[in-house]
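Participant: the following block contains a protein sequence and its predicted model.
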Amino acid sequence: MKHFFTLILLLPLLAFAADEERVIQIKNHRFEPSELTVPAGKKIKLVVENKDATPEEFESHELNREKVIAGNSKATIFIGPLAPGNYPFFGEFNEATAKGVIIAK
């Protein structure tokens, strides 16, 4: 019976679990990879690792996400499930170089 109650308490946390995890790095004020393909219809745990010493912001109007990642640190951003399509993102602090797109197929 004790395990049953533990399971009941964990169910809300399981609802937030991502189907897949992907990593994007920020190096020299650029996103690597700048093009990331993910499966449509799946929730994705996106880990953004900032390898630069300065902060950068991961921003996407299409994904409705905005997150500042301090220098030499990382952040987790959950996205999806996404419909098939292209979802551009950029770094607000270095818009000229920090650009990318998530492609849901």
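Facilitator: It's in. Residues are numbered from 1 along each chain as shown.

Participant: what about the protein, any weak spots by pLDDT?
Facilitator: 1-17 (pLDDT under 70).

Participant: so which residue is dead centre in it?
Facilitator: residue 46 (2.8 Å; CA atoms, centre = their mean).

Participant: contacting residues for that residue?
Facilitator: Residues counted as contacts of residue 46 (CB atoms under 8 Å, 6 or more residues apart in numbering) are 21, 22, 23, 24, 76, 77, 78, 79. C-betas here are computed from N, CA, C, even on glycine.

Participant: moving C-terminal of the strand or helix carrying the third one, what's the next helix or strand?
Facilitator: Counting by DSSP states H and E, the secondary-structure element that holds residue 23 is strand 20-27. Going down the chain from strand 20-27, the next helix or strand is strand 30-32, by DSSP H and E.

Participant: who are the packing partners of that following strand?
Facilitator: When contacts are defined as 3 or more CB pairs under 8 Å, 6 or more residues apart in numbering; DSSP states H and E, strand 30-32 packs onto strand 20-27.
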